[in-house]
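**Q** curious how this folds, go ahead:
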Amino acid sequence: MKKYQQLILVILSVFSFVSLLIYRHEYNKLRYVLEVFNFFGTPGVPSHQNAGHNVSVDKYIMSEPLPAWQRVSDTLYLYSAYWEVVGNKGHVKAPAIGVLNENLNYGCYLWYEFHPNPVKAQFSFSELPRKNSESAKKSKSIKTKGFMFYCEAGNDETSQAFLPIYKIKTDRAVQNSTAICVLPNEFYYLKKRNYLEFLTFHRVIGIKDFIIYGANFQYNIISPILKDPSLDTNLMVLQWNYPFYGDSHMMLYIAENDCILRASGLYENVIILKWNQFFVPNTHSSAQTIISNLDPEKKMSVLQIYTSVFCLEYNDDPSLNSTQPLIFRKTRYALLKNDDPVLIYNTNVKTGATKRISSSIVNVHWYAKCNNLELKLKKKADQSMLMFESEIMQSKIMRL
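**A** From the prediction side, this is the model:
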């Protein structure tokens with residue numbers, strides 16, 4: 001009899017444990033949904049908290065529909081899709097990521113508003129070239145390849161397109177408008193003050209629009225910014241459930257391509273930065289003034305800005321205390337060969353022309369951990385960030 005009682009107790013224990021796991025799983029799902037509703041608003045219900053505070057130009061919302069990595073096969077994923085009209089023809093462009101030697105024997109269909117069934121279209125693709133940069137060489141695991149997929153509509157259907165995709169604006173972007181695309185964190189977490197320093201500094205130099213790819217991102221940090229219209233800062237966070245781990249270089253490149261497509265027709269200039277990179281003019285000027293002076297005739301598709309790596313292992317400036325922002329305390333950078341320029345895209349110019357900008361005009365400060373070899377290199381002082389100290393410390397964003 002005792003054996004049966006023990007067996008019943010074991011069964012009940014197992015059942016209770018499994019029930020607890022199921023409850024915990026469902027609780028976490030519900031909690032996540034509530035967090036999303038709290039941040040983005042309930043679908044179909046106007047949100048007074050977020051209204052007008054997404055990244056927008058003339059109220060043009062850039063986050064609808066919300067993108068997410070979706071599986072096409074076990075080794076191929078799509079992130080987003082864009083409807084683009086070139087001449088009299090329309091096509092869909094979709095950034096994708098897959099493994100090396102991926103078999104791309106696919107077809108595609110477009111579903112129009114007044115059609116009961118999808119319409120077959122022409123599928124093609126191009127490979128996204130892997131940048132020959134220092135970060136690409138350091139990538140520990142190069143197992144993935146980036147693609148741009150195209151799905152071209154027939155001539156008789158182009159004017160009727162109604163697609164569940166993001167439609168690129170065909171107008172020329174507003175002159176002298178600039179946004180920053182913030183690339184996803186490379187599998188590490190930042191502190192709240194790191195985010196606030198980044199947003200505060202770039203707001204001080206005149207940039208108010210940020211498109212943020214939200215890997216490892218703490219949404220509660222920007223919630224006060226969204227709620228306070230007096231800050232005049234537009235943030236829009238995109239989900240980033242990247243399906244592969246290890247090849248961070250290609251991950252960042254896919255996000256960069258997506259952001260250029262998303263901003264085309266809205267912003268004239270798009271700066272591609274990471275959270276630990278700061279676009280620093282060497283004079284007390286706004287970012288837009290600097291960019292306009294770099295290419296006054298607007299003939300360049302891309303401007304390349306040099307980066308200086310400020311090693312986090314270096315001692316702080318002795319004249320500053322540890323409570324000061326990191327960007328003030330680190331005033332020396334390593335004299336290393338850095339072939340990772342930060343890019344500024346002009347979405348109105350399609351010439352493909354590129355211009356490299358002298359670091360005496362503007363430079364990108366990159367605050368990062370350095371390896372032993374880099375730490376042995378000579379250092380050079382740069383205190384240009386201190387020009388903006390008083391404005392940064394007085395900023396309401398910095399005090400959040």
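**Q** list of residues touching the helix or strand containing Leu343?
**A** Assessed by DSSP states H and E, Leu343 sits inside strand 342-346. Strand 342-346 is contacted by residues 256, 260, 268-273, 277, 279, 291, 295, 298, 300-305, 307, 364 when judged by CB atoms under 8 Å, 6 or more residues apart in numbering. Just so you know, the C-beta spots here come from the backbone N, C-alpha and C atoms, and that holds for glycine as well.
**Q** same question, stretch 387-399
**A** With contacts defined as CB under 8 Å, 6+ apart, stretch 387-399 is touched by 196-197, 199-201, 203-205, 225, 228, 230-231, 233, 284, 325, 328.
**Q** hmm, which of these are the buried ones?
**A** Using 16 or more other CB atoms under 10 Å as the burial test, these include 196-197, 199-201, 203-205, 225, 231, 233, 325, 328 as buried.
**Q** now those residues in TSV, with pLDDT, distance to Asn88 and secondary structure?
**A** As requested, the buried ones among the contacts of stretch 387-399 are exported to TSV (pLDDT from 0 to 100; distance: CB to CB, whole Å; DSSP: H, G, I helix; E, B strand; the rest coil):
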residue	pLDDT	distance to Asn88	secondary structure
Leu196	94	48	helix
Glu197	96	48	helix
Leu199	96	42	helix
Thr200	96	46	helix
Phe201	97	45	helix
Arg203	97	42	helix
Val204	96	45	helix
Ile205	97	42	coil
Ile225	88	43	helix
Leu231	92	44	helix
Thr233	93	40	coil
Pro325	95	53	coil
Phe328	96	55	helix
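**Q** return the member of the residues you listed nearest to Phe217.
**A** Leu199 (12.3 Å; CB to CB).
**Q** my guess is that closest one contacts Thr233. True?
**A** Yes. Counting by CB atoms under 8 Å, Leu199 touches Thr233, with 6.8 Å between them.
**Q** please enumerate the shared neighbours of the two.
**A** Phe210, Ile225, Ile397.
**Q** what number of residues lie near the closest residue to Gly206 other than its chain neighbours?
**A** Distance criterion CB to CB, 6 or more residues apart in numbering; nearest residue to Gly206, sequence neighbours excluded, is Ser286 at 3.6 Å. Residues lying near Ser286 (other CB atoms under 10 Å) number 14.
**Q** next one: Ser286 from Arg203, what distance?
**A** 11 Å (CB to CB, to the nearest Å).
**Q** quick check: buried residues in the host helix or strand of Gln122?
**A** Following DSSP H and E, one finds Gln122 within strand 119-127. Neighbour-count burial for strand 119-127 flags Ala121, Phe123 (criterion: 16+ other CB under 10 Å).
**Q** how far out from the middle of the chain is that strand?
**A** 26 Å (CA atoms, centre = their mean, to the nearest Å).
**Q** also stretch 387-396?
**A** 25 Å.
**Q** returning to that earlier point: just the buried ones from the contacts of strand 342-346?
**A** 256, 260, 268-273, 277, 279, 291, 295, 300-303, 305, 307, 364.
**Q** in helices, which of those residues appear?
**A** Mapping these onto helices (DSSP state H) picks out Glu256, Ile260, Ile291.
**Q** by mean pLDDT, point me to the weakest helix or strand of this structure.
**A** helix 134-138 (a mean of 55; mean pLDDT, DSSP states H and E).
**Q** give me the contacts around the helix or strand that that one is followed by.
**A** Scanning forward in sequence from helix 134-138, with DSSP H and E defining helices and strands, the next element found is strand 144-152. Residues outside strand 144-152 that contact it (CB under 8 Å, 6+ apart) are 78, 89-100, 102, 104, 106, 108-110, 121-128, 130, 244, 247, 250, 253-254, 257.
**Q** please save the CA atoms from strand 144-152 in PDB.
**A** Provided in PDB are the C-alpha atoms of strand 144-152 (Å, rounded to 0.1, in the frame of the first residue of the first chain):
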ATOM      1  CA  THR A 144      26.200  33.500 -42.600                       C
ATOM      2  CA  LYS A 145      25.600  35.500 -45.800                       C
ATOM      3  CA  GLY A 146      23.400  38.500 -46.400                       C
ATOM      4  CA  PHE A 147      21.000  38.800 -49.300                       C
ATOM      5  CA  MET A 148      18.600  41.300 -50.800                       C
ATOM      6  CA  PHE A 149      15.500  39.500 -52.200                       C
ATOM      7  CA  TYR A 150      13.500  41.100 -55.000                       C
ATOM      8  CA  CYS A 151       9.900  40.200 -56.000                       C
ATOM      9  CA  GLU A 152       8.900  42.100 -59.100                       C
END
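**Q** many thanks, I have nothing further to ask.
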